[in-house]
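1. Here is a sequence together with a model predicted from it:
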Amino acid sequence: MTRGRLRVLLGAAPGVGKTYSMLEEGHRLVDAGKDVLVAVVETHERAATAAMLAGFEVQARTPVEHRGLLLEEMDLDAVLARHPEYALVDELAHTNAPGSRNEKRWQDVHELLDAGINVYSTVNIQHIASLNDVVQQITGVVQRETIPDAVLRGADQIEVVDLAPQALRDRLSDGQVYPATRIDAALSNYFRLGNLTALRELALLWLADEVDSSLKRYRAEQGIDAKWEARERVVVALTGGPEGETLLRRGARIAARSAGGDLLAVHVVSQDGLREAHPGSLARQRALVEQLGGSYHQVVGDDVPRALVDFARASDATQLVIGVSRRSRLTAALTGQGIGQTVIRESGDIDVHIVSHAQAGGRFTLPRLTGGLTRRRRVWGLAVALVVGPLLTLLLASNHTDASMASDVLSYQLLVVVVALIGGFWPAMFAAVLSGLSLDFFLVAPLFRITISDPLHLLALGLFIVVAALVSYVVDQSAKLSRLSRRRASEAELLATVAGSVLRGDDAMEALVSRTREAFGLAGVRLLDGETVLYSDRDPAEAVGSVSAARDEHVTVLPVADGVALELSGRDLDAADRRLLGVIIAQIAAGLEHSRLAATAEEIGPLAAADRVRSALLAAVGHDLRRPLASATAAVTSLRSPGIRLDDDDRAALLDTAEVSLHALAALVTNLLDVSRVQAGVLGVTLTDVDVDDVLPVVLDELQLPPGAIELDVAEDVPSVRADAVLLQRAMVNIVTNALRYSPEDTPPLIAASTFGGKVQVRIIDHGPGIPDERRDDAFVAFQRLGDTDNLSGIGLGLAIAKGFVEGMGGTLEAETTPGGGLTMVISLQAARADDSETALTTPHTKDA
């Protein structure tokens, strides 16, 4: 019997439309004449999903009794007996009721597949076993029902049912996912925009990984060994020349051909300074890289082609883009193959694109004498002398006449000069001696014997040597000066690159450490404060090496400041490198000092804020204290005045005025004292296990609210919280007072309590005008009334005090928008554990002003 095929619809969260899509596919199968049975579908009271069941044959569920409860599960035996061609089985990760044949629904599905039944099913990303802990970190919710990864990966087809996070929240707000009573809590907890975005990314990445695994299995089954690059990573080599923009745009187009392709630009600074890069051009090209969505890198290396290839391999590049050489044909003929040919030879399986541009070489010009005389140049000089010398001798000997002696001597002299230009002093000396001996042996009678019968011949040999020495001396001096100037230019550009990273907002220390490792080609760089690692950056290619290799690395430790040192791992640095490092270390020391100053300024900031609060306090209390105090004083003065006759009603009215004013004055002073305690950081907190049900009656009684003024919705399973009962009561009184002030008369505020992620959330919900998103933080600042300036609304301390009290108990107070309009204040406190002590513990709370 042929085993059935399993097709799974994967979703990032409940409500994205997995079940609906599965039923849509079922209808298409029915229309195609297939035998389809709905084995089990959970509609979750969603009208659109329930309507999709019309037209299907639905298998009745089997009842299972557990602890006095009657549960309904999929009737596996009935589905097997019915044996449809296709079975629709919802919620693959579902746990069956105890007493069922299988513990998990996916095990039921495997029996259907073994029976030759094709199955369509659904599952959410949070139910995948390997991602369970990740989902818990994102949402704060522990998922009890999971499915092994192997089961899901064993499906014949997996599809993601994708929906944008905001679209899912809109669907939830419209009541298409959960009942109205659960919408507000869902939007504020599991269905937060950040949570949904992270879950969506998780689902897409999981599927991408599964696709990659499937591709590898296919290649293994088909015996395909060649590398398939489904994702392009393009490295563009920049010289700083004007062709850079052309190369970058071509590289960006190559990367864009593959979805998710990466663009990396690299500029190689040779240690001997053999490089011509205009700083302004390179800065513009770096800005263009960032505009194209790529990243810029700079490395130091003597061998430019090898440095390019090594960087490309370390970056897992699939494409390498370089420009056509700007050298002329004569230069190329004299110095051999250029960077492009060397890169092609060493690139291996990396595709190399050589892009033509307007600055490409081709005109016949003399070579530019730039750069220092490296060992490679000296080798080339010797090679030219050894190869061109014999060829020149053969040419001159075959055409020699007595009249051609002058041109023969000048030809050898030209060879000496060319060798001096290419290889410097020692190759020129060798060429001079070789030319003199060849001239005497092959062209001066007697032939084929080295004899100097005429002193002028000895003078000619001496002139060869003198000319070679003079030309090579000039070349060497020019190379030294050029090397020095270009080294300084490369150092300045490296420092400008580091400074640019800092100016763009990068962490100064991290940028300096990273650029130091990258620029000097080191295996790793660490900034140490004693034994503490402040910043660390290591070459990814070196990070995977063996421990023994790491031990063989040369380690250099350079002091930076008091107790701070820079540790360099890799090659030993020469004197020039150490001089540049001295400048970088000076910048690191300045950066550390800047960080210390910033930390000090940050510590001073709260003190300045506290001073501003005190100034605002003095400015505010003048009027707000004067009003109730003046009313009470006037009433008492009238009662004590002997010249005023008052009847009983007048006396009662004056006494009421004095009492109300003194109560208002007492409440205002209490709030001022509370906010002063919070701002001063001397708030005393006594944490005990507190039941929310015990606090709510006290809050309502203190506010003296009539029946119906507040709606309550407290879940039965809400645990106790770790809080100070008095502070929690005071905080809730201030928040409820604020909600009552702004709620419409026909829509009273709602107080709801629920559990989420090990915390208890108390939500005070009103349907008033709400607070704009950009002003929410201002609501918790003392003396803020957000435009409400009447004298009956206080001085704007209520929410500031409530936030200070809640945070003092280790909780949070956040403002959210009520669905449909209004403001929801959410108090989150830690739920009490079973092993928490019932004894009150007084905990000092310190809070920055």
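-> Structure received. Numbers count the residues shown, from 1 in each chain.
2. which ones are touching the closest residue to Pro148 other than its chain neighbours?
-> Distances taken as C-beta to C-beta, 6 or more residues apart in numbering put Ala129 closest to Pro148, at 5.3 Å, once the chain neighbours are dropped. (Each C-beta comes from the backbone N, C-alpha and C, glycine too.) Ala129 makes contact with Thr146, Ile147, Pro148, Asp149, according to C-beta atoms under 8 Å, 6 or more residues apart in numbering.
3. mind checking the backbone torsions on the first one?
-> Dihedral angles of Thr146 (phi, psi; degrees, to the nearest 10) stand at phi -130, psi 160.
4. how close does it sit to Val40?
-> 19 Å (C-beta to C-beta, to the nearest Å).
5. which residues does Arg526 contact?
-> Residues in contact with Arg526 (C-beta under 8 Å, 6+ apart) are Val513, Val533, Tyr535, Ser536, Asp537, Leu566, Glu567, Ser569.
6. Can you classify it as helix, strand or coil?
-> With DSSP: H, G, I helix; E, B strand; the rest coil as the basis, Arg526 sits in strand.
7. For the residue nearest the centre of the chain, pull up the helix or strand it's in.
-> Among the residues of the chain, Ala198 comes closest to the average C-alpha position under C-alpha atoms, centre = their mean, at 12.5 Å. Per DSSP states H and E, Ala198 falls inside helix 193-222.
8. and if you look at Thr393?
-> helix 375-398.
9. related to what we said a few turns ago, tabulate the contacts of Arg526 (a markdown table), appending secondary structure.
-> Shown next, in a markdown table, are the contacts of Arg526 (three-state DSSP):
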| residue | secondary structure |
| --- | --- |
| Val513 | helix |
| Val533 | strand |
| Tyr535 | strand |
| Ser536 | strand |
| Asp537 | strand |
| Leu566 | strand |
| Glu567 | strand |
| Ser569 | strand |
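10. Quick check: next helix or strand after the helix holding Thr393?
-> Following helix 375-398 in sequence, per DSSP H and E, is helix 405-423.
11. Show me which residues of whichever helix or strand comes after that next one are buried.
-> Under the assignment DSSP H and E, the closest C-terminal helix or strand after helix 405-423 is helix 425-442. Judged by neighbour count using 16 or more other C-beta atoms under 10 Å, the buried positions of helix 425-442 are 425, 427-436, 438-442.
12. which stretches of the stretch 451-600 of the chain form strands?
-> For the stretch 451-600 of the chain, the strands defined by DSSP state E, counting those that start in this stretch occupy 524-529, 532-538, 554-561, 564-570.
13. between the ones you listed, which gets nearest to Glu602?
-> strand 532-538 (17.7 Å; C-beta to C-beta).
14. and the gap between Gly240 and Arg730?
-> Gly240 sits at a distance of 66 Å from Arg730 (criterion: C-beta to C-beta).
15. And for Val525?
-> Relative to Arg730, and taking C-beta to C-beta, Val525 is found at 53 Å.
16. just checking, Gln285 touches Leu238?
-> Yes: counting by C-beta atoms under 8 Å, Gln285 touches Leu238, with 5.7 Å between them.
17. follow-up on the earlier one: the strands of the stretch 451-600 of the chain into a markdown table, with extra columns for distance to Asp162?
-> Output for the strands of the stretch 451-600 of the chain, formatted as a markdown table (distance: least, C-beta to C-beta, whole Å):
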| stretch | distance to Asp162 |
| --- | --- |
| strand 524-529 | 41 |
| strand 532-538 | 37 |
| strand 554-561 | 50 |
| strand 564-570 | 45 |
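18. what's the closest of these to Thr688?
-> Of all those, strand 532-538 comes closest under C-beta to C-beta, at 39.2 Å.
19. what inclination does the closest one have with respect to strand 564-570?
-> Going by axes from the mean of the first three to the mean of the last three C-alpha atoms, to 10 degrees, strand 532-538 is angled at 30 degrees with respect to strand 564-570.
20. what's strand 532-538 packed up against?
-> For strand 532-538, the elements it packs on are helix 508-520, strand 524-529, judged by 3 or more C-beta pairs under 8 Å, 6 or more residues apart in numbering; DSSP states H and E.
21. Summarise which helices and strands the very next helix or strand once past the helix holding Ala198 is packed against.
-> Sequence-wise, the next helix or strand downstream of helix 193-222 (DSSP H and E) is strand 233-238. If you count contacts as 3+ C-beta pairs under 8 Å, 6+ apart, strand 233-238 packs onto helix 244-256, strand 262-269, helix 304-314, strand 319-323.
22. which of these sits most buried?
-> Mean neighbour counts were compared across these using mean count of other C-beta atoms under 10 Å; the top stretch is strand 319-323, at a mean of 25.
23. Show me how far that strand is from its chain's centre.
-> Taking C-alpha atoms, centre = their mean, to the nearest Å, one finds strand 319-323 lying 27 Å from the centre of the chain it belongs to.
24. ok, residues contacting that strand?
-> 232-237, 239, 241, 243, 246-247, 250-251, 254-255, 308-309, 312, 339-340, 343, 347, 350-357, 359-360.
25. who does it pair up with?
-> Strand 319-323 sits in its sheet next to strand 233-238 (parallel), strand 351-355 (parallel), going by DSSP bridges.
26. how about that strand as PDB, C-alpha atoms only?
-> Extracted C-alpha coordinates of strand 319-323, given in PDB (Å, rounded to 0.1, in the frame of the first residue of the first chain):
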ATOM      1  CA  GLN A 319      31.000  36.800  -6.800                       C
ATOM      2  CA  LEU A 320      34.000  39.100  -7.000                       C
ATOM      3  CA  VAL A 321      33.800  42.300  -9.000                       C
ATOM      4  CA  ILE A 322      37.000  44.100 -10.100                       C
ATOM      5  CA  GLY A 323      37.700  46.700 -12.700                       C
END
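27. Give the rounded mean pLDDT of that strand.
-> In this model, strand 319-323 has a mean pLDDT of 88.
28. Stretch 601-614 now?
-> Stretch 601-614 comes out at a mean pLDDT of 68.
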